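K.L.:
got a sequence here, can you model it:
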Amino acid sequence: MSVRLMAEIFETEFRDLQDADGNTTKASTAKFICIALADHANDEGEGAYPSLAKIAHKTSLSRTCVINAMDALKYNGIALAAGTSKWDTVNYTINRACFSQIEGSKSRVLVNPVDSPQLTQLTPPVNPVDPNHTITIHKTKDVSLSKSEMQEAGKKVDKILAMQNPNAWQGREHIRADLLPLADWYNRVTNQVMTKRVQKAWWKALGEWKDECLQPEHLQAAYDNRIAWRKIITDPNELTKDAAAIKAAGGIGNNSSKLRVL
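P.N.:
As a prediction, this is how the structure comes out:
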């Protein structure tokens, strides 16, 4: 996560961008996608390889919208594909030269204000990049931020993400989409979040719940059973065997939810 790069993007005024097929991406969407990429990149803009699903989750935008925006960013030389990651996702490099600041002047303008009525069609501000051409990025003026500026930029990012997804909780962004219903259930009933200290425990439990085809209702029955015996749940793995036994016993009907699994 590069707070410095995020700050540079925040201070850059965007225009609507077009891709090779003439599709137009709104300035606000392009900027938000850039911020989401910067959340995965280092200070040089390198090493951003989130999946399309991850970007869609972070921004609450549709997959189609994310794909169109990424095509526009690549076509305009703002995001550069640099191979693939070990997870088979595209490894992007954000072209920091697009967000460089000139001493004594305002930030470089990538775009005019959004929804300007007098501009019905805008020409892409950056010439398309030849994919076979080696790009040289020149270092610019040092724009390192002070501690207070980094904190302020972080608050802005948190505010945007909270506005886009009011149901988010700490660690949710690291969980695969197919495991989110189970993770959301556990967070909802226990009010626990996935910090770095408990990441391995969460991933192990969620993986086993998925492999055992356990549903939230099975886990809820196991949870209610433990609470009935005044057992406090501190690790999601504590529910796995109980929920699996309840499922094997025939679901959650009648007495199965009251079954005490030793």
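K.L.:
contacts and neighbour counts: CA atoms only from here.
P.N.:
Fine.
K.L.:
all strands for the stretch 1-150 of the chain, in order.
P.N.:
13-14, 17-18, 24-25, 79-84, 90-94, 109-111 (DSSP state E, counting those that start in this stretch).
K.L.:
how many residues are close by Q18?
P.N.:
23 (other Cα atoms under 10 Å).
K.L.:
re the thing from before, adding mean pLDDT, write the strands of the stretch 1-150 of the chain out as JSON lines.
P.N.:
Putting these into JSON lines (pLDDT from 0 to 100) gives the following:
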{"stretch": "strand 13-14", "mean pLDDT": "84"}
{"stretch": "strand 17-18", "mean pLDDT": "88"}
{"stretch": "strand 24-25", "mean pLDDT": "90"}
{"stretch": "strand 79-84", "mean pLDDT": "85"}
{"stretch": "strand 90-94", "mean pLDDT": "89"}
{"stretch": "strand 109-111", "mean pLDDT": "49"}
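K.L.:
indicate which one of those is closest to H57.
P.N.:
If you check each of the strands of the stretch 1-150 of the chain against H57 by Cα to Cα, strand 90-94 wins as the nearest, at 16.7 Å.
K.L.:
quick one: list the elements packing against the closest one.
P.N.:
helix 27-38, strand 79-84 (3 or more Cα pairs under 8 Å, 6 or more residues apart in numbering; DSSP states H and E).
K.L.:
quick one, it and strand 79-84 angle?
P.N.:
For strand 90-94 against strand 79-84, the angle by axes from the mean of the first three to the mean of the last three Cα atoms, to 10 degrees is 140 degrees.
K.L.:
pipe the helices and strands packed on strand 90-94 into JSON lines and attach mean neighbour count and distance to L239 per row.
P.N.:
Formatted as JSON lines, the helices and strands packed on strand 90-94 follow (neighbours: other Cα atoms under 10 Å; distance: least, Cα to Cα, whole Å):
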{"stretch": "helix 27-38", "mean neighbour count": "22", "distance to L239": "34"}
{"stretch": "strand 79-84", "mean neighbour count": "17", "distance to L239": "37"}
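K.L.:
figure out which of these is closest to K196.
P.N.:
Across the helices and strands packed on strand 90-94, closest to K196 is helix 27-38 (Cα to Cα), at 20.5 Å.
K.L.:
which residues does that closest one contact?
P.N.:
1-3, 5-6, 9-10, 14-17, 45, 48-50, 55, 58-59, 66, 69-70, 73, 94, 111, 113-114 (Cα atoms under 8 Å, 6 or more residues apart in numbering).
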